[in-house]
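Chemist: sequence and predicted structure, then a few things I'm wondering about:
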Amino acid sequence: MRQILKTYNLELKVQGPVFVGNGEEIQKKEYVFLNGRHALGVVDIEKLYQLARKKGLASDMEQFMVRDTRTTLRQWSDSHRIKPDELKACMKYIVDAGDMQQEKGRMQIMACIKDPYGKPYIPGSSIKGMLRTILLGAEMIQHLEKYGHLAENIQDDLYNGNERNRKKILSRNISAIENQTFRTLNRPKSKPQDAVNDWMAGVIVSDSEPLSMKDVAVCQKWEQHVNGTEKTLNLMRECIRPGTVIRCQLTIDETISPLTGEKLMEAVKVFYQRYEKAFQQHFPYQSVAPISDATVFLGGGSGFVSKTIIYDLFQQKEAVRVTKDIFRKTNVPREHKHDKDIGLGVSPHVLKCTKLNGKKYMMGQCELKLQVM
């Protein structure tokens, strides 16, 4: 079969910090806050051990690293009179952490994904997953009549389903919706729902070009309530900072996929316009970053609505009710107060934000651009 490949340069200009984690938490023995807590230094354990050996502290450090479960790296270094400049020289990297507010309890710091050379990057799979959600949502917004029976299935599972299947409410029904949208190739000797029939197999997204640790800042989790109040949580993430441009390549095999660059950009526009109207506009959020019809949300912490298609599948009031009931059925804690969402007119009732250098941003906000190579 003749293969036709069309390749685009895909750029994501970061407008709000982007977090794609590696699944690891930076432990309290691995970091210290510097410059009056405005920077975070992550230590190179081998360099620190060499320093400890020179100072005759090797056994003390070994005991600290292996047995001590209470002491932080800052406390240990201060107790052994290690000078700040000596400690800085042992750092693997230092990043901005200027807006941290410590609440009661332990601060959790999540690491971003890095390549074998220690450089942060965005996996192509993360970008493709974002595009898949956008394409799926836009398809339903534009052709809602095709998906009415699947919307009814979600409602039936929510209100009539058996208790043991609570966690499958979304996954099973979203799979059915994806099958109808993407699995249309009808390859020989296959069933319609088989993965070999998914035309997204003809959409290839490369990993991004490597970034620098200078492009990273540690951002704390902030939540803005629909009534305007804000809350900080003891969770910080290594994020790609605003102003950074993430670059990768998007390749479409036109013998497999009906997607074009024009169709993708139209889907982005349709998806964001619904997001803004159905969700974002309910919050008294004043953006410091430009917002355009090419706005997308990438990575962790960007919120339920940007990663699901409930608001694309249901009209506003019903979408609020269904989302609220999904949270209830999947055992989201009562302290999150989703029982009040219907009265508030939006669910969830918090916007995922963060602050950096005194400015507030929506987590994961990017502007997408495509250019044919």
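Modeler: Nice, thanks for sending it over.
Chemist: got a list of what the residue in the chain sticking out farthest from the centre touches?
Modeler: Among residues of the chain, the one most distant from the C-alpha centroid is residue 56; the distance is 43.9 Å, by C-alpha atoms, centre = their mean. By C-beta atoms under 8 Å, 6 or more residues apart in numbering, the contact list for residue 56 is empty. Where you see a C-beta, it was placed from the backbone N, CA and C, and this is true even at glycine.
Chemist: if you set the cut-off to 10 Å instead, what comes out?
Modeler: residue 80 (C-beta atoms under 10 Å, 6 or more residues apart in numbering).
Chemist: could you verify that it is part of a helix?
Modeler: No: applying DSSP: H, G, I helix; E, B strand; the rest coil, one finds residue 56 to be coil, outside a helix.
Chemist: let me know the pLDDT of it.
Modeler: Per-residue confidence at residue 56 stands at 95 (pLDDT).
Chemist: quick one: the helices in the stretch 101-250 of the chain?
Modeler: For the stretch 101-250 of the chain, the helices defined by DSSP state H, counting those that start in this stretch occupy 124-142, 148-160, 169-182.
Chemist: could these be laid out in JSON lines, adding mean pLDDT, mean neighbour count and distance to residue 309?
Modeler: Putting the helices of the stretch 101-250 of the chain into JSON lines (pLDDT from 0 to 100; neighbours: other C-beta atoms under 10 Å; distance: least, C-beta to C-beta, whole Å) gives the following:
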{"stretch": "helix 124-142", "mean pLDDT": "97", "mean neighbour count": "20", "distance to residue 309": "5"}
{"stretch": "helix 148-160", "mean pLDDT": "84", "mean neighbour count": "14", "distance to residue 309": "10"}
{"stretch": "helix 169-182", "mean pLDDT": "84", "mean neighbour count": "17", "distance to residue 309": "7"}
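Chemist: go through these and name the closest to residue 300.
Modeler: In terms of C-beta to C-beta, the element of the helices of the stretch 101-250 of the chain nearest to residue 300 is helix 124-142, at 9.3 Å.
Chemist: follow-up on the earlier one: any chance of the helices of the stretch 101-250 of the chain in JSON lines, with distance to residue 88 too?
Modeler: JSON lines is the format used below for those (distance: least, C-beta to C-beta, whole Å):
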{"stretch": "helix 124-142", "distance to residue 88": "32"}
{"stretch": "helix 148-160", "distance to residue 88": "54"}
{"stretch": "helix 169-182", "distance to residue 88": "47"}
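Chemist: looking at those helices, which is nearest to residue 290?
Modeler: Going by C-beta to C-beta, the one of the helices of the stretch 101-250 of the chain nearest residue 290 is helix 124-142, 19.0 Å.
Chemist: please state the offset of that closest one from the chain centre?
Modeler: Distance of helix 124-142 from its chain centroid, counting by C-alpha atoms, centre = their mean, to the nearest Å, is 14 Å.
Chemist: and the angle for that helix with helix 148-160?
Modeler: Angle of helix 124-142 versus helix 148-160, following axes from the mean of the first three to the mean of the last three C-alpha atoms, to 10 degrees, is 100 degrees.
Chemist: measure how helix 124-142 sits relative to helix 169-182, angle-wise.
Modeler: Using the same axes, to 10 degrees, helix 124-142 lies at 80 degrees relative to helix 169-182.
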